[in-house]
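> what follows is a predicted structure for the sequence shown.
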Amino acid sequence: MVRGEMPGSRRRRQAIVRAASGGPDGGGSIFTAPSAWSEWMKRLKILLVQTALSDSGPSGPSGLSAPVEAGRLAWLCEPVALTSLAAVASDHDVRILDLRIDGTSALGPALRTFRPDLVAIAPASDELHDARTALRVARSLLGSACLTALALPEADLAAAADQSIDLHLLGDPEPIFHDVLAHLAGGGHPDQLGTLAGVHATALGGSPLDTQIRKATSLDRALPPARHLLAAYRPHYFFAVAQPAAAMRASRAAPDGRSVQRMSADTICDRLEIIPESFVLFLDDDFFADPLRLARLAEAMLRRDVRKYWAVQASPERVAENPHLVLSLRDAGLAAVILTFDLGESDGLEMLLDPAIAARNRRAAGILRALGVAAMGLFTVRRDLTDDERTRLSEHIRELGIAWSVTRAAPRRPAVPSPAPLPTALVIDAPGTSGALGAAWEHAAWELLRRRPRLLMKTLPGVARALGRSFRGRAGISSAAWAPS
């Protein structure tokens with residue numbers, strides 16, 4: 001018996017973990033907890049933290065970075081990683097703290113008031129510094145009574161070497177988090193958490209390389225994110241300045257780092273149908289990577305009459321190669337494509353301006369424009385661009401004719417190797433860009449209105465009314481176009 005465990009709790013804990021793992025051998029995974037558990041399991045208090053935005057180093061005595069002012073945001077998305085973790089903790093008291101909105105000063109009072117048993121963060125790679133700092137703050141305020149956990153979906157073993165954090169979840173975070181909660185709720189001792197697959201526990205010592213990586217599980221089996229926990233924050237999440245938006249992720253890298261897990265078309269439709277917002281931003285890396293899957297998605301959305309508008313990330317190469325697929329997706333609600341250009345390397349600009357690549361990019365933007373899909377651009381550039389290089393880049397962006405573009409500097413801290421999922425928040429680093437975003441989004445929505453006015457009036461009435469004020473009197477708009485369907 002582990003010191004500190006109650007008699008019989010070890011057998012109960014083992015039964016829970018076996019059930020949570022899908023069978024007596026611990027193989028497989030589930031994401032739901034039998035309701036009978038609640039009769040005797042311990043109810044934990046869990047705080048999930050989204051760190052503040054920052055493109056600079058730490059500032060202030062706490063070491064946490066100050067939030068970026070809202071005027072420099074192109075979009076701010078809900079923390080999908082945290083709501084996905086919260087979904088497997090429905091039997092516990094879970095709260096989400098979004099420091100991008102509340103500010104870093106909210107962390108201390110939240111910890112002192114709520115006094116959680118567990119604080120967890122699921123950071124992107126450029127958020128690791130602030131995530132570690134926030135967990136250290138939790139430990140300093142609450143001591144050993146509070147466990148700290150860092151979820152690293154891509155099994156980043158180097159990041160798991162931090163000895164100041166109790167738990168590192170390596171691999172698919174939801175089933176691992178589920179097993180951790182089952183262990184603790186069943187009376188298991190925290191020191192034994194390192195015996196669970198996918199958990200590196202600092203208390204057990206050893207190297208993260210010794211951690212048994214949990215087998216990847218299908219995204220189709222995951223529970224929908226617990227978005228109800230974001231009720232207080234929901235008005236703050238937006239896309240392209242003005243449009244209220246939900247966010248979801250339908251694919252992610254597998255724990256082995258060599259493959260990608262993708263949600264099926266029908267499951268994507270199931271998730272879209274329960275989202276109240278009319279606009280959804282998919283955070284996936286290069287949504288067009290699997291054309292056959294997207295053809296099935298377009299068919300499923302049309303068959304099930306899923307009435308959503310949505311935006312995705314894609315490389316210009318994928319769009320240029322699949323114009324017929326873009327047409328099918330447009331009919332299924334595709335409203336905008338964010339074309340991503342990574343120019344962070346020393347020769348990135350020269351590669352972009354290569355005649356063959358430039359022609360391909362023009363073709364991609366032209367396809368989207370011709371089909372009435374808003375073509376947007378996200379250019380990540382070196383911080384040391386010369387004035388001449390900036391001028392050449394600006395001329396090329398204008399030549400592409402995209403609805404709006406955001407030029408941001410490559411992060412100072414190491415980032416996830418490209419390609420990578422879209423950030424849950426985009427901070428504009430180029431001066432003068434933010435002031436143009438409002439008018440640019442109107443241009444993108446105008447394309448939608450021109451092609452599909454009645455559906456736009458049904459699903460985006462706020463944007464349609466704004467466009468009516470902005471574009472009333474322009475040639476080509478009749479009074480009938482603004483009448484409700």
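Thanks, I have the structure now. Numbering: from 1, shown residues only.
> and residue 249, what are its phi and psi?
Dihedral pair for residue 249: phi -120, psi 120, per degrees, to the nearest 10.
> shouldn't it be in contact with residue 83?
No. Judged on C-beta atoms under 8 Å, residue 249 makes no contact with residue 83 at a distance of 10.5 Å. For the C-beta atoms, the positions are set from N, CA and C on the backbone; glycine is no exception.
> gap between residue 251 and residue 334?
Per C-beta to C-beta, to the nearest Å, residue 251 is found 16 Å from residue 334.
> who's more crowded, the two?
The neighbour comparison of residue 251 against residue 334 (other C-beta atoms under 10 Å) goes to residue 334, with 28 against 21.
> bridging residues for the more buried one?
Legend: beta-bridge partners of residue 334 under DSSP bridges are residue 310.
> let me see the contact set for it.
The contact partners of residue 334, taken as C-beta atoms under 8 Å, 6 or more residues apart in numbering, are 309, 310, 311, 312, 326, 373.
> how about the closest residue to residue 220 other than its chain neighbours, phi and psi?
Distance criterion C-beta to C-beta, 6 or more residues apart in numbering; nearest residue to residue 220, sequence neighbours excluded, is residue 267 at 4.6 Å. Per-residue torsions, residue 267: phi -70, psi -40 (degrees, to the nearest 10).
> distance of residue 267 from residue 100?
In terms of C-beta to C-beta, residue 267 sits 28 Å off from residue 100.
> these two: which is more packed in?
Comparing residue 267 with residue 100 by other C-beta under 10 Å, the one with more neighbours is residue 100, at 23 against 18.
> wait, doesn't that one sit right on residue 237?
No. Using C-beta under 8 Å, residue 100 is not in contact with residue 237, being 9.8 Å away.
> can you give me the strands for the stretch 201-350 of the chain?
238-239, 243-244, 246-248, 251-253, 260-262, 279-282, 309-314, 334-343 (DSSP state E, counting those that start in this stretch).
> reformat those strands as a markdown table; add distance to residue 182 and mean pLDDT.
Shown next, in a markdown table, are the strands of the stretch 201-350 of the chain (distance: least, C-beta to C-beta, whole Å; pLDDT from 0 to 100):
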| stretch | distance to residue 182 | mean pLDDT |
| --- | --- | --- |
| strand 238-239 | 36 | 78 |
| strand 243-244 | 36 | 73 |
| strand 246-248 | 26 | 91 |
| strand 251-253 | 23 | 81 |
| strand 260-262 | 23 | 84 |
| strand 279-282 | 31 | 90 |
| strand 309-314 | 35 | 90 |
| strand 334-343 | 39 | 86 |
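> could you dump the ones you listed to TSV with distance to residue 222?
Listed next are these as TSV, based on distance: least, C-beta to C-beta, whole Å:
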stretch	distance to residue 222
strand 238-239	23
strand 243-244	25
strand 246-248	11
strand 251-253	10
strand 260-262	10
strand 279-282	16
strand 309-314	19
strand 334-343	24
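> ok, which of the ones you listed comes nearest residue 106?
Minimum separation from residue 106 across those (C-beta to C-beta) falls at strand 238-239, 20.3 Å.
> output the contacting helices and strands for the closest one.
Here strand 238-239 touches strand 73-76, going by 3 or more C-beta pairs under 8 Å, 6 or more residues apart in numbering; DSSP states H and E.
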